[in-house]
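Show me how the following folds:
(one chain, ligands or ions: 1)
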Amino acid sequence: MPENETTAPSLENLLHETRAFPPSPAFAAQANAQASLYEEAKADRLGFWADQARELVTWSTPFTQTLDWSGAPVAKWFADGKLNAAYNAVDRHVEAGLGDRVAIHFEGEPGDTRTVTYADLQREVSRAANALTALGVTQGDRVVIYLPMLVESVVAMLACARIGAPHSVVFGGFSADALRSRIADAEAKLVITADGGYRRGAPSALKPAVDEAVGPKDGEPASTVEHVLVVRRTGQDVAWTEGRDVWWHDALEHADTFHEPVAVDAEHPLFILYTSGTTGKPKGILHTTGGYLTQAAYTHKNVFDLKAESDVYWCTADIGWVTGHTYVVYGPLANGATQVIYEGTPDTPHRGRWWELVEKYQVSILYTAPTAIRTCMKWGEDIPAGFDLSSLRVLGSVGEPINPEAWMWYRRVIGGDTAPIVDTWWQTETGGIMISPLPGVTATKPGSAQVALPGIVADVVDDEAHSVPDGGGGYLVLSEPWPSMLRGIWGDLQRFKDTYWSRFEGLYFAGDGAKKDEDGDIWLLGRVDDVMNVSGHRLSTTEIESALVSHDVVAEAAVVGANDETTGQAVVAFVILRGEHADRASTPEGAEEVQAELRNHVAKEIGPIAKPRRILVVPELPKTRSGKIMRRLLRDVAENRTVGDATTLADSSVMDLISAGLAKPS
Ligand code: WTA
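Numbering: from 1, shown residues only. Below is the predicted model:
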């Protein structure tokens, strides 16, 4: 393992987990995916994917080639086919006579609701597509979307897809600076935002961040953005730039409800989604249309056992993350599902809000993150017990390893001891689920994502890229191209190659540590690089370090992800103050003030989600002779453990210095 490995040691005990839960015969009998799916895919992997693409996606020009890997590692799937993702998500269901089916049950945080059928969605998306066109957006232009969870957010994404303009959704919790750098990198022509959204019982503004992000700043010119389209959600006052800003409702009111979707090449960019990497600069992960949509629909149908005519599906992810792209927008809608979208936080106005929604809408499939499950555990099981959750028949988990205890609680308290749990491993880069049980086939094990889906080839390898035997541990790799794989990093092909394809020859390196148990099932152990996972959100240690160092008082900073019972990991920062400021932290009040200042600074630079939980002022940082910070040792400190082997440090007394400083009452 490399020096900076972050594999959570507490997860070692996962391998002693021996419980297994086979599907009930009744569930197995009705399941979409049967064991034969593995055989089929194994017999002819490319043929299998071609079948999925023909069966689950409607093509305006059918493809004749399945995979072109000649430009590896940039794949082309179904390259000579043409299609439109919005047509697949909306129109074809209306054409099939399903226009009256509910696509979205929207629930606002204050309790306002809206029911949107597929026919409604078709009209709205068409109007929005016409409005975008009227504002000068054409095929290939990039549109940044910075919105809360609203019906309009889904409509905005689909309107972009409809005209062939790649969208780049930026999570509403990111700051103006983070938004600015993403707009600049994507060279976006238009931004879609809202006055604000409701969070924790109050309106929370979004438009001011956009105003700050698109205008000129500190000698930098104004951005490439020509128009800002603003959804009115909260009715908050907004600053208005005439000629640039346009109300969404005005633009749509004047737009026609008919719009002909543009047929794009299978490899036409569908979206760019920025995610944290191991360096400070976020990576614009590029996804294209045909392969992405195929895998989104295939995984959504088989992993969640979706029965579109009877299920009510709810994925709690925000559209700002990849889970919201694939499992709120493209997967469920391509499959004609009925789903719930909820704007707010799980504890507003009370801690039973989610379970109230499950009862109200008779949700049958729930897809959420371990951090949410652990939070509910903390709140106590009497809260969900107060609601009728008997409609739930499949439960999903995503975003980080789920500890067996949380898995068992999820199954017993939420799933009534019967609903199968699918622990789904994937990434922004993979576009869709890669490793997961199939709910009617796999005997599930608490804490393990277990098996690569039919059509996917995954392995665990050692430092020399050799497949480890059952019982062994190493790095997770993907050994064959898959349809929804990223097609690169926006504007930086070399970085794409270096990041994912240079560690092991010919293999995609995911950045995760993993083990195989005695049955050959895969257990994910967390990141092995400088990426942290806080409440299922990906954050880069380097990015937060850069933010800290950009503050006047900080000379140097090191950030680690420390294990946290609820959020998985928590951001802990070690900072060295600049000489002239060092005194400020010598009193408890002074230290508190500096810490608060730095926390706010990180919130401003990146967003509130990146705020360090703890900031420790230290005199030195532990470094190797080559100058690399040994985060492993800092993690020991952050997790209150005895500091491990420090012999490779350039100066081995540094850890004593740090520990002594922290032991002192500050
Ligand atoms: C982690 C989220 C264990 C992993 C879809 C991965 C998981 C990173 C799981 C990607 C899981 C996601 N078990 N770890 N079921 N799902 N991860 O890009 O470290 O936000 O590399 O995509 O989350 O995070 P991202």
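
What is the worst-scoring helix or strand of the chain on mean pLDDT packed up against?
Least confident helix or strand of the chain, by mean pLDDT, DSSP states H and E, is helix 654-663 with a mean of 77. Packing partners of helix 654-663 (3 or more CB pairs under 8 Å, 6 or more residues apart in numbering; DSSP states H and E): helix 631-638. All C-beta atoms are positioned from the backbone trio N, CA, C, and that covers glycine.

which residues are in contact with the helix it packs on?
With contacts defined as CB atoms under 8 Å, 6 or more residues apart in numbering, helix 631-638 is touched by 3-6, 530, 541, 558, 560-562, 572, 574, 614, 616, 621-622, 642-644, 646, 649, 655, 658-659, 662.

Contact partners for the residue of the stretch 351-500 of the chain found nearest the ligand?
Per CB to the nearest ligand atom, the residue of the stretch 351-500 of the chain with the smallest distance to the ligand is residue 428, at 3.4 Å. Remark: with contacts taken as CB under 8 Å, 6+ apart, residue 428 is in contact with 273, 275, 285, 321-322, 486, 538.

In strands, which of these appear?
Among those, DSSP state E puts 273, 275, 285, 538 in strands.

Assess the claim that the second one and residue 281 are in contact.
No - because the distance of 11.2 Å does not satisfy CB atoms under 8 Å, residue 275 is recorded as not touching residue 281.

Who has more neighbours out of these two?
Using other CB atoms under 10 Å, the more surrounded residue of residue 275 and residue 281 is residue 275, with 20 against 17.

Can you tell me the SS state at the residue nearest to that one when sequence neighbours are not counted?
What sits nearest to residue 275 in space, not counting adjacent residues and going by CB to CB, 6 or more residues apart in numbering, is residue 428, at 4.3 Å. Per DSSP: H, G, I helix; E, B strand; the rest coil, the local secondary structure of residue 428 is coil.

Could you check the pLDDT of residue 428?
Here, the pLDDT recorded for residue 428 equals 96.

now for the helix or strand that contains residue 104, which elements pack on it?
Residue 104 is part of strand 102-107 when elements are defined by DSSP states H and E. Strand 102-107 sits against strand 113-117, helix 118-134, helix 151-163, strand 338-342, with contacts defined as 3+ CB pairs under 8 Å, 6+ apart.

What residues of it count as buried?
Neighbour counts over strand 102-107 (16 or more other CB atoms under 10 Å) mark 102-107 as buried.

Next: stretch 339-351.
Going by 16+ other CB under 10 Å, stretch 339-351 has these buried residues: 339-344, 346-348, 351.

Kindly check the end-to-end length of that stretch for me.
The straight-line separation of the ends of stretch 339-351 (CA to CA, to the nearest Å) is 22 Å.

ok, back up a step: counting only helices, which of the contacts of helix 631-638 make the cut?
Applying DSSP state H to the contacts of helix 631-638, the entries found in helices are 541, 655, 658-659, 662.

got CSV for those residues, with neighbour count and distance to residue 17 too?
Formatted as CSV, these follow (neighbours: other CB atoms under 10 Å; distance: CB to CB, whole Å):
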residue, neighbour count, distance to residue 17
541, 26, 29
655, 20, 34
658, 21, 35
659, 15, 34
662, 13, 35
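
now, which of the residues you listed lie close to the ligand?
For the ligand, no contacts are drawn from the ones in helices among the contacts of helix 631-638 by CB under 6 Å from any ligand atom.

Which of the residues you listed sits closest to residue 603?
Distance to residue 603, by CB to CB, is smallest for residue 541 among those, at 16.8 Å.

Tell me, what's the model's pLDDT at residue 5?
pLDDT, read off for residue 5, is 37.

Please apply the same query to the one 4 residues further on.
Note for residue 9: predicted pLDDT of 35.

With the one 3 residues further on instead?
Turning to residue 12, the model gives it a pLDDT of 46.

ok, which stretches of the stretch 1-150 of the chain are strands?
Ranges of strands within the stretch 1-150 of the chain are 67-68, 76-77, 82-83, 102-107, 113-117, 143-146, based on DSSP state E, counting those that start in this stretch.

nope, the stretch 151-300 of the chain is what I was after
In the stretch 151-300 of the chain, the strands defined using DSSP E, counting those that start in this stretch lie at 167-169, 190-194, 196-199, 202-205, 227-231, 245-247, 264-265, 269-275, 283-288.

now for those strands, which one comes closest to the ligand?
From the strands of the stretch 151-300 of the chain, taking CB to the nearest ligand atom, the stretch that ends up closest is strand 269-275, at 5.3 Å.

and which of the ones in helices among the contacts of helix 631-638 is nearest to the ligand?
residue 541 (13.8 Å).

Quick one: residues contacting the closest one.
When contacts are counted by CB under 8 Å, 6+ apart, residue 541 touches 278, 530-532, 558-561, 631.

Now compare those residues and name the two farthest from each other.
Farthest pair in the contacts of residue 541 (CB to CB) is 531 and 558. Separation: 15.0 Å.

pLDDT weak spots in the stretch 201-350 of the chain?
Applying pLDDT under 70 to the stretch 201-350 of the chain picks out residues 278-280.

Can you point out the buried residues in the helix or strand harbouring residue 405?
According to DSSP H and E, residue 405 maps onto helix 404-409. Counting neighbours by 16+ other CB under 10 Å, one finds that the buried residues in helix 404-409 are 404, 406-409.

Check what contacts it and list those residues.
14, 17, 19, 370, 373-374, 377, 381, 397, 421, 423, 446-447.

now do 7 Å
14, 17, 370, 373-374, 377, 421, 446-447 (CB atoms under 7 Å, 6 or more residues apart in numbering).

I'd like those written out as JSON lines, with secondary structure added.
JSON lines is the format used below for the contacts of helix 404-409 (three-state DSSP):
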{"residue": "14", "secondary structure": "helix"}
{"residue": "17", "secondary structure": "coil"}
{"residue": "370", "secondary structure": "helix"}
{"residue": "373", "secondary structure": "helix"}
{"residue": "374", "secondary structure": "helix"}
{"residue": "377", "secondary structure": "helix"}
{"residue": "421", "secondary structure": "strand"}
{"residue": "446", "secondary structure": "coil"}
{"residue": "447", "secondary structure": "coil"}
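
Take these and lay them out in a markdown table including neighbour count and distance to the ligand.
Listed next are these as a markdown table, based on neighbours: other CB atoms under 10 Å; distance: CB to the nearest ligand atom, whole Å:
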| residue | neighbour count | distance to the ligand |
| --- | --- | --- |
| 14 | 20 | 11 |
| 17 | 17 | 14 |
| 370 | 25 | 8 |
| 373 | 23 | 12 |
| 374 | 22 | 14 |
| 377 | 17 | 18 |
| 421 | 23 | 11 |
| 446 | 22 | 12 |
| 447 | 25 | 9 |
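
Return the item of those residues having minimum pLDDT.
Among the contacts of helix 404-409, residue 14 carries the weakest pLDDT, at 54.

per-domain residue ranges of the chain.
What the TED database lists as the domains of the chain is 35-456, 535-662.

Could you single out the most deeply buried of these?
domain 35-456 (a mean of 20; mean count of other CB atoms under 10 Å).

measure that one end to end?
One end of domain 35-456 sits 15 Å from the other (CA to CA).

any idea how far that domain is from the chain center?
The chain centre lies 10 Å from the centre of domain 35-456; the measure is CA atoms, centre = their mean, to the nearest Å.

Could you verify that residue 511 is part of a strand?
Yes - counting by three-state DSSP, residue 511 is part of a strand.

quick one: the residue nearest to it when sequence neighbours are not counted from residue 570, how far?
For residue 511, ignoring the flanking residues on the chain, the nearest one in space by CB to CB, 6+ apart is residue 529 at 4.8 Å. Distance from residue 529 to residue 570, counting by CB to CB, to the nearest Å: 18 Å.

Check residue 237 too.
According to CB to CB, residue 237 and residue 570 sit 36 Å apart.
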